[in-house]
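Trainee: I'd like to go over a predicted model; first the sequence, then the structure.
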Amino acid sequence: MRRTSPSISFLLALYSFIAYGSSVLLADNWPQWRGPNGDGTSSERGLPTRWSKTENVVWRLPLPGPSGATPAIWGEHIFLTSLRPKADYVLFCVSRSGDIRWTRKLSTAEEAPKEGEGNASAPSPTTDGKHVWAFTGLGDLVCYDLQGTLVWQKNLQREYGEFDYWFGMSTTPLVHGDDVYQMVLQMKDPYIIAFDKLSGKERWKHTRESNSEHESRHSYASPILYEGKRTLLLIHGGDHLTAHTLDSGAEVWRLGSLNDKSEYNRFLRFVASPVAQSGLVVVPTAKNYPILAVRPGGTGNVTKTHTAWRRPRGTSDVATPTMKDGLVYMLRENGVLICIDTKTGKDVYEERVHKGDQRSSPVWADGKLFCAAKNGVVHVVKPGRKFEVIASNDMQEQILATPAIAGGRIYLRTFNALYAIEATAKTGD
């Protein structure tokens, strides 16, 4: 038998290690609610199209209570917030193998939480691979390291005044660079605020007013970034989308016409967040009102100068849109998917995915669009200019949370459990 020389054996081993390591290193994390790019897209490949409560399920971790929070994932660490009995709100750290590494109590509610649509654990956690930040609708903002050691904590209601929302605070904070940003767009005293992410020290606080009225002053959307020639913080609510500097929160530009005064709706609270990619921000509103696209390069009131296109009706109400390959996918609260050309604003199609309620936001990965309905059926849609539902996978448990995708897996958070779903998985591994 011919022997392989030690040097060749070493090179072959090194090649195998590099090949395997590259596949791991190139796998996306899911560090925040809308994924690695902040737009609901992932570069993951090899994801399953079909699964069930058992088929292609690596593990199922029962959870103590319902929540609409999406997991944040970095390598071997999975973070999620949840309600548990006696109205405690907690942060979990779960391993990739499905074991709970640690649990930390964040808040205790003074009143019984709402049922069916969400509760104070709805804001999703965020991680940078070294720390994790979590927020509850009761105002508790915390930072832990990966071992579960508390780095800092504060309560926004105690420090800045009680929240003034009709349906509870559910906004997810945004972590970028050295800071964590939060928006509190409420009936009275609306503001945005930035903290040093490692100390919790306030960087700045900016009053974010508008001429909106009544419930339209409330926003349940979350702050996002626009990253172009200039990185901007985008704040959605109070009848406007505004762009702010990161260093002081100063307003750079403002987009109106989201709630036209000629047919003003005093109940037009925003829930869905905008989605941004290079050169364009797509802006939903609520309750079948318009969806707009704005070019993010102006200053002042940019409604007339920088609006790229405007679809007068049909916005998503709760689900945040996603964009990929020149198309925006907007999933309405009634299960209708609208695909729009991002350059022209013209409809590519408008088709029904399902007939139930829609709360979770669509996610694009592996040439598939994953749409989780509230009734627990996850529909897999083929992206592109022709509508096609590839598969429908019934989890038989309610879903409000957006799917998270990382390390070759789909993580589905239902009202009852967290599922790790992987192609050709063996149940119980």
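Mentor: Right, received. Where do you want to start? Residues are numbered from 1 along each chain as shown.

Trainee: ok, now how distant is residue 343 from residue 49?
Mentor: 29 Å (Cβ to Cβ, to the nearest Å). Bear in mind the C-beta positions are built from the backbone N, C-alpha and C, glycine included.

Trainee: For burial, what's the neighbour tally of residue 222?
Mentor: The burial count assigned to residue 222 is 26, neighbours taken as other Cβ atoms under 10 Å.

Trainee: Quick check: phi and psi on residue 87?
Mentor: Phi and psi for residue 87, reported as degrees, to the nearest 10, are phi 60, psi 30.

Trainee: neighbours around it, how many?
Mentor: Neighbour count for residue 87, taken as other Cβ under 10 Å: 16.

Trainee: How about the one 10 residues further on?
Mentor: The criterion is other Cβ under 10 Å. On that basis, residue 97 has 10 neighbouring residues.

Trainee: pLDDT weak spots in the chain?
Mentor: Scanning the chain with the threshold set as pLDDT under 70 gives 1-27, 110-116, 425-429.

Trainee: which residues in it form helices?
Mentor: Taking DSSP state H as the test, the helices found in the chain are 6-26, 156-160, 303-306.

Trainee: Could the C-alpha coordinates of the shortest one be exported in PDB?
Mentor: Extracted as PDB, the C-alpha positions of helix 303-306 are listed here (Å, rounded to 0.1, in the frame of the first residue of the first chain):
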ATOM      1  CA  THR A 303     -41.700  64.600   1.500                       C
ATOM      2  CA  LYS A 304     -41.900  66.400  -1.800                       C
ATOM      3  CA  THR A 305     -38.200  66.200  -2.800                       C
ATOM      4  CA  HIS A 306     -37.200  62.700  -1.900                       C
END
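
Trainee: Check which residues of that helix are buried.
Mentor: Judged by neighbour count using 16 or more other Cβ atoms under 10 Å, the buried positions of helix 303-306 are 303, 306.

Trainee: Who are the packing partners of that helix?
Mentor: strand 251-255 (3 or more Cβ pairs under 8 Å, 6 or more residues apart in numbering; DSSP states H and E).

Trainee: Now the strand it packs on: buried residues?
Mentor: Buried-residue list, strand 251-255, by 16+ other Cβ under 10 Å: 251-255.

Trainee: With adjacent residues omitted, what lies nearest to residue 205?
Mentor: With sequence-adjacent residues excluded and distances taken as Cβ to Cβ, 6 or more residues apart in numbering, residue 205 is closest to residue 193, at 4.6 Å.

Trainee: Provide a list of residues in contact with the one you found.
Mentor: Residue 193 makes contacts with 156, 160, 181-184, 202, 204-206, 249, as judged by Cβ atoms under 8 Å, 6 or more residues apart in numbering.

Trainee: now the strands: where do they sit in the stretch 301-429 of the chain?
Mentor: 307-311, 322-324, 327-331, 336-341, 347-352, 363-365, 368-372, 377-381, 389-394, 404-406, 409-413, 417-421 (DSSP state E, counting those that start in this stretch).

Trainee: Tell me which of these sits nearest to residue 277.
Mentor: The minimum distance between residue 277 and the strands of the stretch 301-429 of the chain falls on strand 322-324, with 5.3 Å, by Cβ to Cβ.

Trainee: quick revisit: and residue 97, which of the strands of the stretch 301-429 of the chain is closest to it?
Mentor: It's strand 417-421; of these, that one is closest to residue 97 (Cβ to Cβ) at 8.8 Å.

Trainee: for that closest one, packing partners?
Mentor: Taking 3+ Cβ pairs under 8 Å, 6+ apart as the contact cut, strand 417-421 packs with strand 57-62, strand 409-413.

Trainee: Can you verify my assumption that residue 368 contacts residue 380?
Mentor: Yes - using Cβ atoms under 8 Å, residue 368 is in contact with residue 380, at 5.3 Å.

Trainee: Find the residues that touch each one of these two.
Mentor: By Cβ under 8 Å, 6+ apart, the residues touching both residue 368 and residue 380 are 49, 390.

Trainee: Which of these two has more residues huddled nearby?
Mentor: For residue 368 versus residue 380, the count of surrounding residues by other Cβ under 10 Å is larger for residue 380: 22 against 19.

Trainee: So the more buried one versus residue 47, what's the distance?
Mentor: 9 Å.

Trainee: Quickly list what's touching both of the two.
Mentor: residue 368.

Trainee: residues in contact with residue 173?
Mentor: Taking Cβ under 8 Å, 6+ apart as the test, what residue 173 contacts is 123, 126, 133, 135, 141, 180-182, 222-223.

Trainee: Redo these as a markdown table? Include distance to residue 414.
Mentor: As requested, those are exported to a markdown table (distance: Cβ to Cβ, whole Å):
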| residue | distance to residue 414 |
| --- | --- |
| 123 | 18 |
| 126 | 21 |
| 133 | 24 |
| 135 | 22 |
| 141 | 26 |
| 180 | 28 |
| 181 | 29 |
| 182 | 27 |
| 222 | 21 |
| 223 | 27 |
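
Trainee: Out of those, who's the most crowded?
Mentor: Result: residue 135 is most packed of the contacts of residue 173 (other Cβ under 10 Å), 30 neighbours.

Trainee: what's that one in contact with, if anything?
Mentor: Per Cβ under 8 Å, 6+ apart, neighbours of residue 135: 123, 125, 141-142, 171-173, 182.

Trainee: out of these, who's nearest residue 61?
Mentor: Out of the contacts of residue 135, the member with the shortest distance to residue 61 (by Cβ to Cβ) is residue 125, at 15.7 Å.

Trainee: wait, that closest one sits on residue 80?
Mentor: Yes - between residue 125 and residue 80 there is a contact under Cβ under 8 Å: 6.6 Å.
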